[in-house]
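Enquirer: Please find the sequence and the predicted model below.
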Amino acid sequence: MNVIISGIFSAFLFSGQLSAPFSWEGSTQAKEADREGIADQKQIEEINEREAQSFHESSLEGPELYIDGQRQIYTPFFKEGELFLPLPAAIQALSKYEEYGSGEGEFAEPFDYIKERSMVEEVEGQEAVSIEALQDLGMKASWYDNPDHLHLETGNLLGIEGASVGDSVQAVDRNFDIHWNTGFGQAADYVGFYGGNNEFMYTDRYGIKRTGQVPDVQFEVMDGYITYIMMASADHSTSKGVSPGDPLFEVQRVYGRDHETELIDGNRVYIYEVDHGSLWFIGDEKEESIQRIVLWDK
């Protein structure tokens, strides 16, 4: 699903250069050259019309924009095969990039940052920034639902320090001293445990309150790659700095209010869908703090 956005609808454009003011007078060769120039310009216009029509048919209201899983009011748009964001949307993305330290150091004002680097262009009568320019900074851009949703990620949403969903087992082993077990009939090939055990409470299907234990960090492996990471210790956090034990309302403050809410085993769970996975924040019995955090592959 992760696709380089720039150039998705790129086309070969031909421009005719006239060596003299337009005239049908002169040699046959000159007439043919002038006709070719007009034909080339008409070809450019036809390409733009086809591109606009294709885009219109794929999404009558334009693609929806999501930044770190949150729906935005701004609409991306194409110009001659290149994808742009209105300037306010680019500033919104860059502000998140700055806030969570995913960029190249600290910078005070996103607007000044992109202005100083000549990232702002005048496109279709408005100031805009190309997706390619944001990708050059390190942001990830990808289509979801082909191509109704454009997702921008300003950080590694499905990772913790030292490990990410999608990493190989070897990569994670370099950063964690993990005890691996086979899946014991589960879908997973292996389940890995790191750190000590943490007790938690839940309500079973019969309404009986029970206790269980989970390690500080648990990993699941399928086909040699990490497919989920579960945290239960305050010593570990998401890429945005949210940890088990934090107030549950902190999740909405950091990740936004665009999420699903489920009641699972008597615990309230906030579920955030991102372009290639999801984040689950599981509340404690009193729904006051985060009990566990799970990062899932889609």
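Expert: Yep, that arrived. Residues are numbered from 1 along each chain as shown.

Enquirer: low pLDDT regions in the protein?
Expert: 1-62, 98-108, 145-147, 183-186, 204-206, 275 (pLDDT under 70).

Enquirer: Neighbouring strands of the strand or helix carrying residue 141 in the sheet, and parallel or not?
Expert: Using DSSP states H and E, residue 141 maps to strand 140-144. Partners of strand 140-144 in the sheet, by DSSP bridges, are strand 149-153 (antiparallel).

Enquirer: mind saving the C-alpha coords of the strand it pairs with as CSV?
Expert: Written as CSV, here are the backbone C-alpha positions of strand 149-153 (Å, rounded to 0.1, in the frame of the first residue of the first chain):
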residue,chain,number,x,y,z
HIS,A,149,-7.9,8.6,1.2
LEU,A,150,-4.5,10.1,1.3
HIS,A,151,-2.6,9.3,4.5
LEU,A,152,0.3,11.4,5.8
GLU,A,153,2.3,10.0,8.7
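
Enquirer: And residue 97, how far from residue 137?
Expert: 7 Å (C-beta to C-beta, to the nearest Å). C-beta here means a position set from N, CA and C on the backbone, and glycine is covered the same way.

Enquirer: And residue 214, by the same measure?
Expert: 37 Å.

Enquirer: And residue 150, by the same measure?
Expert: As judged by C-beta to C-beta, residue 150 and residue 137 stand 16 Å apart.

Enquirer: Looking at those two, which has the bigger crowd around it?
Expert: Taking other C-beta atoms under 10 Å, residue 150 and residue 137 do not tie; residue 150 has more neighbours (24 against 17).

Enquirer: thought that one was touching residue 63?
Expert: Yes: here residue 150 reaches residue 63: they are 5.0 Å apart, a contact under C-beta atoms under 8 Å.

Enquirer: Which neighbours do those two have in common?
Expert: Contact criterion C-beta atoms under 8 Å, 6 or more residues apart in numbering; residues shared by residue 150 and residue 63: 76, 143.

Enquirer: what residues go with each domain of this structure?
Expert: 28-153, 159-297 (automatic domain parsing).

Enquirer: Could you pull out the helices in this protein for me?
Expert: Assigned by DSSP state H, the helices in the chain fall at 28-58, 87-99, 110-116, 131-137, 169-173, 249-255.

Enquirer: what does stretch 109-126 contact?
Expert: With C-beta under 8 Å, 6+ apart as the criterion, stretch 109-126 contacts 77, 79, 84, 86-87, 90-91, 94-95, 97-98, 107, 127-130, 133.

Enquirer: Now, of these, which are buried?
Expert: 77, 84, 86-87, 90-91, 94-95, 97-98, 128-130, 133 (16 or more other C-beta atoms under 10 Å).

Enquirer: Find the pair from those with maximum spatial separation.
Expert: 77 and 98 (24.6 Å; C-beta to C-beta).

Enquirer: so who does the residue nearest the centre of the chain touch?
Expert: Most central in the chain under C-alpha atoms, centre = their mean is residue 153, positioned 3.3 Å from the mean C-alpha point. Counting by C-beta under 8 Å, 6+ apart, residue 153 makes contact with 68, 139, 140, 141, 274, 275.

Enquirer: Could you do residue 264 as well?
Expert: residue 282.

Enquirer: So what pairs up with it in the strands?
Expert: Assigned bridge partners for residue 264, using DSSP bridges, are residue 267.

Enquirer: just residue 85 next, same as before
Expert: Going by DSSP bridges, residue 85 forms beta bridges with residue 129.
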